[in-house]
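**Student:** With the sequence up front, the predicted model follows.
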Amino acid sequence: MADQPIAIHRAGRGWRFWAGLVLVPLAMAVLLSLGTWQVNRLTWKEGLLAAIEERSNAAAIDVSQVEARLAAGEEIDYRHATASGRFLNDKERHFLATFEGQSGFYIYTPLELADGRFLFVNRGFVPYDRKDAKTRPESLVEGPQTITGLARARLNEKPSSLVPDNNEGTNIFYWKDLTRMAASTGLPDDRVLPFFLDADATPVAGGLPKGGVTQIALPNSHLQYAITWYGLAFALAAVTVAGFFRRKTP
């Protein structure tokens, strides 16, 4: 009977040994795979940021060229572009936003181009209490205008189920639904260019809307994630080796 606890203990150690022999390599494979996946994501993100940097700093092209590149399958998001036409100030749409710590709206106004088509221009930010155009009459510029900024791709669906539905009745948009923006102004969808233009920070009369609101910075934490996963794999390997030698020690 005295030998029974020793036998049970040895059986338990044997079971843990064989379980570890199966689970440790599996866990190592998972951790190394996750680390490698993050390295690949890092390479992809750095390439994306470099492409955005190139497009946003390239010489501005006309929006007709942007449209042609989009039709050819090219990426047009953040493409430096310019457009000329006249604003339809009575059809501006309001996108709820914060800018420099202040709540308010981005003002999206259709720009009627020379060919009779329309481009929705994000003219920039106004504070919450300046939503009504009557509070900023100097912003309702008339006549021919030339706008330079960054082309922005349209969204095909709501970015998240947490985002509220757009309220067209109060003219408050929570996500940039170009189709509904156009429809709510009475503009035919087939006459609206399939992207937006974010105006740059060129000063405007009265200072509103304040342009240059485009945020290009994209989070890039993939290197830290890769180090974390590889570090966990290294720690697991160290613990496993230490446990193996401790088991061999009389």
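**Tutor:** Received it, and whenever you're ready, just let me know what you need.

**Student:** what kind of secondary structure is Leu119 in?
**Tutor:** When classified by DSSP: H, G, I helix; E, B strand; the rest coil, Leu119 comes out as strand.

**Student:** Please name the bridge partners of Gln102.
**Tutor:** For Gln102, the beta-bridge partners are Phe99 (DSSP bridges).

**Student:** isn't it right next to Asp129, touching?
**Tutor:** No - using CB atoms under 8 Å, Gln102 is not in contact with Asp129, being 10.6 Å away. In this view, the C-beta of every residue, glycine as well, is placed from N, C-alpha and C.

**Student:** out of those two, which sits in the more crowded spot?
**Tutor:** The neighbour comparison of Gln102 against Asp129 (other CB atoms under 10 Å) goes to Gln102, with 12 against 9.

**Student:** in this structure, what spans have low per-residue confidence?
**Tutor:** Applying pLDDT under 70 to the chain flags residues 1-22, 48, 217-220, 240-250.

**Student:** ok, which stretches of it are strands?
**Tutor:** Using DSSP state E, the strands of the chain run over residues 61-62, 80-87, 93-99, 102-112, 118-127, 145-153, 192-199.

**Student:** Kindly reformat those as CSV and extend each row with distance to Asn166.
**Tutor:** Below are the strands of the chain laid out as CSV (distance: least, CB to CB, whole Å):
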stretch, distance to Asn166
strand 61-62, 30
strand 80-87, 21
strand 93-99, 9
strand 102-112, 12
strand 118-127, 14
strand 145-153, 17
strand 192-199, 15
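
**Student:** Need the winner for burial among those.
**Tutor:** Comparing the strands of the chain by mean neighbour count (mean count of other CB atoms under 10 Å), strand 118-127 ranks first with a mean of 24.

**Student:** what about that strand, distance to the chain center?
**Tutor:** Centroid separation between strand 118-127 and its chain, computed with CA atoms, centre = their mean, to the nearest Å, is 19 Å.

**Student:** Taking strand 102-112 as reference, get the angle to it.
**Tutor:** Per axes from the mean of the first three to the mean of the last three CA atoms, to 10 degrees, the angle that strand 118-127 makes with strand 102-112 is 160 degrees.

**Student:** residues in contact with Ala226?
**Tutor:** Shown in contact with Ala226 (CB atoms under 8 Å, 6 or more residues apart in numbering): Gly35, Thr36, Gln38, Val39, Leu42.

**Student:** How many neighbouring residues does the last one have?
**Tutor:** Translated: Leu42. So Leu42, with other CB under 10 Å, has 17 neighbours.

**Student:** Ok, the third one next?
**Tutor:** Look at Gln38: counted by other CB under 10 Å, it has 21 neighbours.

**Student:** which stretches of the protein form helices?
**Tutor:** Applying DSSP state H to the chain gives helices spanning 4-57, 63-71, 178-185, 222-248.

**Student:** now for these, which one comes closest to Gly212?
**Tutor:** With respect to Gly212, and counting by CB to CB, the nearest of these is helix 4-57 at 11.9 Å.

**Student:** Make sure Ala60 is actually in contact with His80.
**Tutor:** Yes - the pair Ala60 / His80 is scored as a contact, 4.6 Å apart, by CB under 8 Å.

**Student:** Give the residues shared as contacts by these two.
**Tutor:** With CB under 8 Å, 6+ apart, Ala60 and His80 have common neighbours Thr148.

**Student:** Wait, Ala59 touches His80, no?
**Tutor:** Yes - counting by CB under 8 Å, Ala59 touches His80, with 6.9 Å between them.

**Student:** Leaving out chain neighbours, which residue sits closest to Arg152?
**Tutor:** Phe196 (4.3 Å; CB to CB, 6 or more residues apart in numbering).
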